[in-house]
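whatever this is, show me its structure:
(chains A and B)
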Number of protein chains: 2
Amino acid sequence: MKIRKIKIKTRSKNYQIIVGRNLVSIINKILKDNNLLFEKCLIVVDKNIPRKSKELLYRRLNSKKLFKTEIAPSEKIKNYKTIDKIHEILFKNRFNREDCVISFGGGIVGDIAGFASSTFKRGIKFINIPSTLLSQVDSSIGGKTGVNNKYGKNLIGSFYQPDLVISDINILGSLPKREIICGYAEILKSSIIENYDSFLYLDKNLKKILNLKSPFIEKSILKSCNLKKIVVEKDEKEKNFRKVLNLGHTFAHAYESTLGFSKKLNHGEAVILGIKSAAEFSYQNKFLPKYKLEMILKHINKIGLIPKIRKFFKKKDVKKILNYMKNDKKNNSSNINLILINDFGKINIDFQIRSSTLEKYISNSLN
Amino acid sequence: MKIRKIKIKTRSKNYQIIVGRNLVSIINKILKDNNLLFEKCLIVVDKNIPRKSKELLYRRLNSKKLFKTEIAPSEKIKNYKTIDKIHEILFKNRFNREDCVISFGGGIVGDIAGFASSTFKRGIKFINIPSTLLSQVDSSIGGKTGVNNKYGKNLIGSFYQPDLVISDINILGSLPKREIICGYAEILKSSIIENYDSFLYLDKNLKKILNLKSPFIEKSILKSCNLKKIVVEKDEKEKNFRKVLNLGHTFAHAYESTLGFSKKLNHGEAVILGIKSAAEFSYQNKFLPKYKLEMILKHINKIGLIPKIRKFFKKKDVKKILNYMKNDKKNNSSNINLILINDFGKINIDFQIRSSTLEKYISNSLN
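Residues are numbered from 1 along each chain as shown, chains lettered A, B, ... in the order given. All right, here's what the predicted structure looks like:
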């Protein structure tokens, strides 16, 4: 059983990401190896995880003071009320900062549990066991936590690094294809940011990766985590360089927000549509050459299951989409800041665009 | 006009504390000198500040996009609702992370504005202009922010360092005596933590300090800030050593919580009662020699205006006080952790006490 490790160093905390098969079975050993000791533990568990996997974790944790709370994840419950529910359990059972919160679930559960951990008595130990491909390659690295409000996604939150991330490949086996594609969106994004070779590796092995074949899936997860690691270590609090990771996300968040976080379009699908929009917009503004745009679009078509943007929006939605883009965390002036693609491995993080130009593009893309 | 500076270095941020007279008048210069530029600015202002001082700040800030919100500070409004109110202004006016929140007020306003800043888009620029002696010597240094909940004080919050602290002595002139004594509580605490000489300096110059005479008041503020600086730099997130600063505070928070944060007992008075309790308890457990206990008690008597603990509580409150002490953030086991005094300059941060022993002491202190 091969276990791969990535060591993350940030200004506020150093921690490990562990990737491999059957890791939940040996969680006690992993905790000991990482010097993570605690008296009480609250597991915030994702309702979508199969009962067998949940019970394996409870059994193997082998802790006397184990508390559990289940969350049915949706962007709609990603709010203060859910944070309060978690805090209530921690306060009622007299948790202190040396105790621990474990998130066992997808990105939504991780974001909620992470934010609740960061604000409980100003910070309790936090371990993340991401249960989806998306959370394994993305949200579990980088310390972003948060909840939504009426102005948009993740607008209330904190930077809070976990003490450990355990990515168990076995958990992915029970995921539906649509969920795997979700995670694949971030893997694709990372490859475009990294270089042409990374993109070609994905283009060549797409089917094997989507079917979770070893060592292709492990290699893809590690490559994606490693890219994010390099970026986050350089710029933990997203002052500048880290913006590169938001490729496709300004569009994606606006699409999701406009649909009120409907299940019709999940986060990964929105990111793929966002990458598509960013690539097309980069081409139209003479950054990305046409044949490279076509490579990206062809690859996205090969993934399958990705709907067209005009399936979701009407002309009257354009203003709404634009407003969400203006309110994005990454904007720091009245113009809209877009992350564009000059080439594979060459990302333009500081493109300022007037909202009228962008409005025209979005409007046309709905035709 | 002498301006004194303390440079604070923490893992997450480096910033300055500036102490002097008439600093609000030259705020634009101070901001420029500290490289703090921003487009929009929200001032969270304390209702208790005289109109003249508020208007001086607004005028001298000389910013086009200046927003204001006034807070009538009380522990009762230190909650999510007030955080939401601040966030609402920031979202509605499309603030981004490079814009700025300025707190102009006492500790409650600073804690609220700081917490709101830390969770708005995961962190916006934050400048603190403390307007009370208490906040100048205590809450403005160290990055603790937070709100209360039904379980106690400051139990929801974050560690978030400001970008700058401006302590203007002039603002203190309008404070009632009871407010000055409040801040003095922390100055006294610092001196006991530091050494015998520091305590003697206060004992000798008590009247001049309480009357805000130069250079005694400046010297006292700086000494107190410096002690906190040394401690915070060593241990930003209160893993261990920083606990020393909680001398008297476990008692104080329990007293305040039991009274429902009533105005009858303000925070500084509670801290002085807490120091008294910690000193007495240290003596009873054979840590502090009797003559040193008596020096501390005599000094507290000289301050004046400090009520007796039995004025506020009845026997039936003992269990309640004890429960709040158990739920204190600083506890990390089922025992209660107390910070006790071995001597001036010698603080015992890891004294574990059974709650029955403590119950007996509190019960007796009400006689």
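
in the stretch 51-200 of chain A, which spans are helices?
A:51-61, A:80-92, A:107-119, A:133-134, A:177-194, A:196-210 (DSSP state H, counting those that start in this stretch).

just name the most buried of those.
Most buried of those, by mean neighbour count (mean count of other Cβ atoms under 10 Å in any protein chain shown): helix A:133-134, with a mean of 29. (C-beta placed from N, C-alpha, C; glycine too.)

show me what it is packed up against.
Here helix A:133-134 touches helix A:177-194, going by 3 or more Cβ pairs under 8 Å, 6 or more residues apart in numbering or on different chains; DSSP states H and E.

what helices and strands are in contact with the helix it packs on?
Packing partners of helix A:177-194 (3+ Cβ pairs under 8 Å, 6+ apart): helix A:133-134, helix A:196-210, helix A:216-234, helix A:267-284, helix A:290-303.

could you check the angle helix A:196-210 makes with the third one?
Counting by axes from the mean of the first three to the mean of the last three Cα atoms, to 10 degrees, helix A:216-234 lies at 130 degrees to helix A:196-210.

so helix A:216-234, near chain B or not?
No: using Cβ under 8 Å from any Cβ of the partner chain, helix A:216-234 never reaches chain B; the gap is at least 13.3 Å.

distance of A:Pro215 relative to chain B?
To chain B, A:Pro215 is 35 Å away according to Cβ to the nearest Cβ, to the nearest Å.

how much space separates that residue from A:Phe199?
19 Å (Cβ to Cβ, to the nearest Å).

repeat that for A:Leu66.
44 Å.

before we move on, what about A:Lys29?
Noted for A:Lys29: a distance of 37 Å to A:Phe199, by Cβ to Cβ.

picking that back up, between the helices and strands packed on helix A:177-194, which one is closest to B:Asn48.
When those are compared by Cβ to Cβ, helix A:216-234 sits nearest B:Asn48, at 42.4 Å.

immediately after that closest one, which helix or strand?
Proceeding N to C from helix A:216-234, the next assigned helix or strand is helix A:249-258, under DSSP states H and E.

can I take it that A:Val19 is in a strand?
Yes: applying DSSP: H, G, I helix; E, B strand; the rest coil, one finds A:Val19 inside a strand.

bridge partners for it, pull those for me.
Assessed by DSSP bridges, A:Val19 has beta-bridge partners A:Arg4, A:Ser167.

quick one: contacts for it?
A:Ile3, A:Arg4, A:Lys5, A:Ile6, A:Gln136, A:Ser167, A:Ile169, A:Glu218, A:Ile221, A:Leu222, A:Cys225 (Cβ atoms under 8 Å, 6 or more residues apart in numbering or on different chains).

now render the helices of the stretch 51-200 of chain A as JSON lines, adding mean pLDDT.
Putting these into JSON lines (pLDDT from 0 to 100) gives the following:
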{"stretch": "helix A:51-61", "mean pLDDT": "95"}
{"stretch": "helix A:80-92", "mean pLDDT": "97"}
{"stretch": "helix A:107-119", "mean pLDDT": "97"}
{"stretch": "helix A:133-134", "mean pLDDT": "94"}
{"stretch": "helix A:177-194", "mean pLDDT": "94"}
{"stretch": "helix A:196-210", "mean pLDDT": "96"}
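
now do stretch A:275-293: distance to the chain's middle.
Computed by Cα atoms, centre = their mean, to the nearest Å, the separation of stretch A:275-293 from the middle of its chain amounts to 24 Å.

quick check: end-to-end length of that stretch?
11 Å (Cα to Cα, to the nearest Å).

which residues are in contact with it?
Contacts of stretch A:275-293 (Cβ under 8 Å, 6+ apart): A:185, A:188-189, A:192, A:247-248, A:251, A:296-297, A:300, A:309, A:338-344, A:348, A:351, A:358, A:361-362, A:365.

next one: stretch A:81-88
A:42, A:44, A:69, A:71, A:101, A:112-113, A:115-116, A:119-120, A:147, B:149, B:156.

ditto for stretch A:170-185
Defining contact as Cβ under 8 Å, 6+ apart, one finds that stretch A:170-185 is touched by A:21-24, A:49-50, A:53, A:131-138, A:209-210, A:212, A:217, A:248, A:266-269, A:271-272, A:275, A:303-306.

circling back: mind putting the contacts of A:Val19 into JSON lines with pLDDT and neighbour count?
As requested, these are exported to JSON lines (pLDDT from 0 to 100; neighbours: other Cβ atoms under 10 Å in any protein chain shown):
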{"residue": "A:Ile3", "pLDDT": "86", "neighbour count": "12"}
{"residue": "A:Arg4", "pLDDT": "87", "neighbour count": "15"}
{"residue": "A:Lys5", "pLDDT": "90", "neighbour count": "10"}
{"residue": "A:Ile6", "pLDDT": "91", "neighbour count": "17"}
{"residue": "A:Gln136", "pLDDT": "95", "neighbour count": "31"}
{"residue": "A:Ser167", "pLDDT": "95", "neighbour count": "27"}
{"residue": "A:Ile169", "pLDDT": "92", "neighbour count": "18"}
{"residue": "A:Glu218", "pLDDT": "88", "neighbour count": "19"}
{"residue": "A:Ile221", "pLDDT": "93", "neighbour count": "23"}
{"residue": "A:Leu222", "pLDDT": "91", "neighbour count": "19"}
{"residue": "A:Cys225", "pLDDT": "93", "neighbour count": "26"}
